[in-house]
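**Q** mind looking at a prediction? Sequence and model below.
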Amino acid sequence: MDRRIFLGSAVASAVGATLTACGGGGSDPALDPAASMERSRTTTSTVVNPPTSPKSRVIVIGGGMGGATVAKYLRLWGDAISVTLVERMPTYTSNIMSSLVLSGQRTLSSLSYNYDTLRSKYGITTVFGEVVAIDPVNVAVTLADGTVLKADRIVMAPGISFDTVPGLGSSDKMPHAWQAGPQTALLASQLKAMTAGLNHNVVLTIPKTPYRCPPGPYERACLIADWLKVNKPGSKLLVLDANPGIVTEVDNFTRAFVDLHGAVVEYHPNAEIAEVSTDTMSLKTTAGAVFHGDVINMIPRQRAGALVTTAGLNNATEGRFAGVNVLSYASTVSGAGKVHIIGDASATTQPKAGHIANQEAKVCADAISRILSGGSPDPAPVTNSACFSTITMSQASWLTAVFQYNPAWTNPATGTTGPAMVPVAASSAASTGWNGDNFAEMGTWFKTLMADSFA
Ligand SMILES: Cc1cc2nc3c(=O)[nH]c(=O)nc-3n(C[C@H](O)[C@H](O)[C@H](O)COP(=O)(O)OP(=O)(O)OC[C@H]3O[C@@H](n4cnc5c(N)ncnc54)[C@H](O)[C@@H]3O)c2cc1C
């Protein structure tokens with residue numbers, strides 16, 4: 001199998017899927033031509049048995065969007081690489097589409113993926129447990145039960161962790177629901193139980209960038225606003241954004257907040273949360289303003305999964321995320337070059353998104369398999385990201401971007417020059433407005449992406 005063609009076609013078809021045909025959600029992927037076409041490009045029809053005499057070993061930590069994909073593609077592309085995937089949960093719940101659980105349009109079980117296919121079809125060894133430490137120099141991983149696993153390379157894809165919110169403690173009264181699971185179900189039940197009408201409001205907070213899924217909070221706000229109109233007439237949604245303005249898809253979200261949902265949404269920029277009170281169900285901003293909500297979706301500021309900090313690999317974004325070389329996703333911490341970090345935990349110029357985690361995983365798998373065969377990473381990787389945003393409960397907008405490696409890019413914001421994945425303007429776009437076709441197409445895009453990662 002030719003990896004260059006493989007990577008290229010996966011990128012091209014993903015962009016094509018965004019801009020042309022991505023058909024409806026909830027249908028059977030087996031009956032979905034677009035999903036089948038993508039699968040035939042990105043998976044094999046035969047079983048890839050584990051190597052009887054492995055030439056090298058890789059441990060992958062975290063079986064989410066990045067980890068599941070890198071494990072699969074290391075087995076597909078690697079020359080007799082044995083792959084062990086360590087994940088704390090036996091099933092993965094997708095964050096993508098999880099805001100639709102809040103509006104009652106999806107269930108959490110419909111977003112649930114297990115690791116059976118990765119095991120049976122690709123010969124990946126799975127270990128379910130918590131990784132508590134890694135040794136970057138000796139390339140070893142320690143589990144909570146004391147087991148130590150050794151390898152030639154480690155790939156970390158532990159996602160994110162959340163800053164503590166002063167006043168919140170461990171209370172679940174203000175769920176973030178930004179890691180799909182019990183908090184998503186809790187927030188959905190709080191919304192359902194809320195009294196409707198004037199002065200019975202929902203508050204949604206947006207943390208400072210960089211955070212997981214840039215359009216995510218805005219699309220959730222639109223979805224909740226639309227849901228409130230039908231289910232809680234008279235109630236409002238207060239959006240408290242820690243950023244100076246809407247951070248992405250500005251035209252669409254501005255129009256949606258001001259025109260479409262103007263009677264329901266109250267948008268406050270520069271509203272960073274300083275502390276909260278679960279007794280009075282209130283939030284105080286750093287500027288001293290106080291807001292109350294019957295339901296509060298408090299999304300805290302984010303950093304890499306805790307293990308990145310424990311391992312001392314959090315050397316970027318003011319110590320929040322892991323600095324990486326985007327040709328291989330190897331850590332830029334001295335002496336830790338055999339540890340690769342992908343997905344939301346890494347600091348790159350690409351958005352923290354599931355589609356990008358999938359793309360980074362492929363670049364990383366390709367680089368590791370080349371390195372372990374005595375070669376060098378591809379010197380010119382390309383990645384892409386597609387994203388649909390729910391503007392109402394039945395209409396969506398879209399956004400797509402292609403990123404290309406530039407060895408000497410000058411960041412206009414900081415003036416610093418260095419290697420980076422740079423957006424290709426001619427290949428990046430957003431929809432003008434939103435419609436029902438986009439909402440339907442979102443479903444096929446999602447199924448295609450999840451099949452590429454887990455099937
Ligand atoms: C509401 C919402 C909507 C979104 N919508 C979109 C969208 O439309 N499009 C899009 O592209 N992205 C979307 N995203 C973003 C996307 O979900 C994330 O970017 C993506 O999941 C990141 O992948 P990851 O592999 O880095 O982390 P995750 O997918 O979170 O996976 C991390 C895994 O690591 C495991 N783990 C962590 N630490 C350990 C440890 N110490 N030991 C063992 N296991 C560990 C966790 O259990 C988890 O399974 C959305 C996110 C949210 C919250």
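**A** All right, it came through fine.

**Q** burial count for Asn358?
**A** Neighbour count of Asn358, defined by other CB atoms under 10 Å: 27. C-beta here means a position set from N, CA and C on the backbone, and glycine is covered the same way.

**Q** and Thr417, by the same measure?
**A** 12.

**Q** how much space separates the closest residue to it other than its chain neighbours from the ligand?
**A** Leaving aside its chain neighbours, Thr417 sits nearest to Thr410 (4.6 Å; criterion: CB to CB, 6 or more residues apart in numbering). Distance of Thr410 to the ligand, given as CB to the nearest ligand atom, to the nearest Å: 27 Å.

**Q** neighbours of Thr410, just the number please.
**A** Burial of Thr410 is recorded as 12 neighbouring residues (other CB under 10 Å).

**Q** and the pLDDT for it?
**A** Note on Thr410: pLDDT of 96.

**Q** skipping adjacent residues, who's closest to Asn438 in space?
**A** Counting by CB to CB, 6+ apart, Ala396 is the residue found nearest to Asn438 once chain neighbours are left out, at 4.1 Å.

**Q** number of nearby residues for that neighbour?
**A** Neighbour number of Ala396 under other CB under 10 Å is 25.

**Q** which residues are in contact with it?
**A** Residues in contact with Ala396, defined by CB atoms under 8 Å, 6 or more residues apart in numbering, are Phe388, Ser389, Thr390, Trp434, Asn435, Asn438, Phe439, Glu441, Met442.

**Q** filter those down to the ones in helices?
**A** If you go by DSSP state H, the contacts of Ala396 have Asn438, Phe439, Glu441, Met442 in helices.

**Q** ok, Cys364 touching Val70?
**A** Yes. At 5.4 Å, Cys364 counts as touching Val70 under the criterion of CB atoms under 8 Å.

**Q** closest to Leu168 among the ones in helices among the contacts of Ala396?
**A** Checking the ones in helices among the contacts of Ala396 against Leu168 by CB to CB gives Met442 as the nearest, at 32.2 Å.

**Q** can you get me a residue count around the closest one?
**A** Residues near Met442, counting by other CB under 10 Å: 26.

**Q** again with Thr432
**A** Neighbours of Thr432 using other CB under 10 Å come to 9.

**Q** next one: Asn252
**A** Neighbours of Asn252 (other CB under 10 Å): 26.

**Q** what residues are up against it?
**A** Listed by CB under 8 Å, 6+ apart, the contact partners of Asn252 are Ser389, Ile391, Ser397, Ala430, Ser431, Gly433, Trp434.

**Q** any idea which residue of this structure is furthest from its center?
**A** For the chain, the largest distance from the centre (CA atoms, centre = their mean) belongs to Leu198, which lies 35.4 Å off.

**Q** okay, now the nearest residue to that one once chain neighbours are set aside: neighbour count?
**A** Ranked by CB to CB, 6+ apart and with sequence neighbours excluded, the top spatial neighbour of Leu198 is Gly234, at 5.1 Å. Applying other CB under 10 Å, we find 14 residues neighbouring Gly234.
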